[in-house]
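Asks: next comes the sequence, and after it the predicted model I'd like to discuss.
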Amino acid sequence: MAAVLRTLPAEYEVERARALLADSRYLESAEVAGQIVEFSERGLRYDARNTELYYCLGEAHFALARTASSPAESQRHHEKAVAAYRQARQIAPRDVRLYLCEAISLDALRRFDEAGTVLDQARELDPNSIYVLHACGSHLYAEKKFSQAEAEYQKARQLGSEGAQYWLEILAEDKKAGGLGVTSSGLPVGATAP
């Protein structure tokens with residue numbers, strides 16, 4: 001009972017952070033993302049092994065990187081996001097979502113080799129996940145490896161992903177235009193975090 005009471009504040013904070021994450025507007029609002037950071041860090045003081053708090057912290061820093069006013073600030077938040085996702089993966093090493101989030105942040109930092117390694121680990125855990133295939137496609141797209149990206153999106157489409165067709169069309173347009181690459185956030189043009 002004492003352990004439950006000790007971690008109860010952490011559960012309260014994770015629910016507050018989740019409520020804000022449920023509204024995708026947090027991606028565009030530094031104020032809301034800042035609240036998520038606050039709730040997550042407060043909760044982690046009560047339960048440093050709460051995977052969801054680290055996940056929320058990573059998502060908030062990813063959002064803050066997107067809204068940053070300078071490249072240095074964006075990089076700092078992406079680094080914090082990577083650290084949060086890695087900490088969460090240490091606690092929950094089979095949670096594929098954490099690998100994908102970390103890889104997206106690594107791609108945003110242009111640390112493509114590290115992102116590729118993390119995605120390989122995600123693929124080992126869930127080789128037929130359309131989310132893993134999409135993330136691999138986006139990663140390869142960011143590296144301008146269009147043929148390989150196309151193969152990943154094709155696999156996702158074969159597994160029933162409706163979104164894969166959209167990315168195949170975008171990829172075809174980009175190939176015709178000579179490859180537009182990635183946005184300043186490190187994501188393929190038009191992509192959002194999972």
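Replies: All right, it came through fine. Numbering: from 1, shown residues only.

Asks: do a quick rundown of the strands in the protein.
Replies: Ranges of strands in the chain, per DSSP state E: none exist.

Asks: okay, now Glu124: neighbour count?
Replies: When neighbours are counted by other Cβ atoms under 10 Å, Glu124 registers 11. No exception for glycine: its C-beta is placed from N, CA and C like everyone else's.

Asks: no no, Glu169
Replies: Applying other Cβ under 10 Å, we find 11 residues neighbouring Glu169.

Asks: can you pull the domain assignment for the protein?
Replies: As assigned by automatic domain parsing, the chain contains the domains 8-92, 119-184.

Asks: CA atoms of stretch 135-149 as CSV?
Replies: Provided in CSV are the C-alpha atoms of stretch 135-149 (Å, rounded to 0.1, in the frame of the first residue of the first chain):
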residue,chain,number,x,y,z
ALA,A,135,9.1,5.3,-39.6
CYS,A,136,11.7,3.4,-41.6
GLY,A,137,10.3,5.0,-44.8
SER,A,138,10.5,8.5,-43.3
HIS,A,139,14.0,7.9,-42.1
LEU,A,140,15.2,6.7,-45.5
TYR,A,141,13.4,9.6,-47.1
ALA,A,142,15.2,12.0,-44.8
GLU,A,143,18.4,10.5,-46.0
LYS,A,144,17.2,10.9,-49.6
LYS,A,145,17.3,7.2,-50.1
PHE,A,146,14.1,7.3,-52.1
SER,A,147,14.1,3.8,-53.6
GLN,A,148,14.6,2.3,-50.2
ALA,A,149,11.9,4.6,-48.7
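
Asks: still on that earlier bit, would a markdown table of the domains of the chain with distance to Asp107 be doable?
Replies: Below are these laid out as a markdown table (distance: least, Cβ to Cβ, whole Å):
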| stretch | distance to Asp107 |
| --- | --- |
| domain 8-92 | 9 |
| domain 119-184 | 5 |
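
Asks: looking at the ones you listed, which is closest to Leu106?
Replies: Proximity of the domains of the chain to Leu106 was assessed by Cβ to Cβ; the nearest stretch is domain 8-92, lying at 6.1 Å.

Asks: show me what the mean pLDDT comes to for the closest one.
Replies: Rounded to a whole number, the mean pLDDT of domain 8-92 is 92.

Asks: of the domains of the chain, flag the one that's most buried.
Replies: Among the domains of the chain, domain 8-92 has the highest mean neighbour count (mean count of other Cβ atoms under 10 Å), at a mean of 19.

Asks: pull up the gap between the residue lying closest to Asn128 once chain neighbours are set aside and Ala72, please.
Replies: Distances taken as Cβ to Cβ, 6 or more residues apart in numbering put Leu159 closest to Asn128, at 6.2 Å, once the chain neighbours are dropped. From Leu159 over to Ala72 the distance is 40 Å, taken as Cβ to Cβ, to the nearest Å.

Asks: alright, calling it a day.
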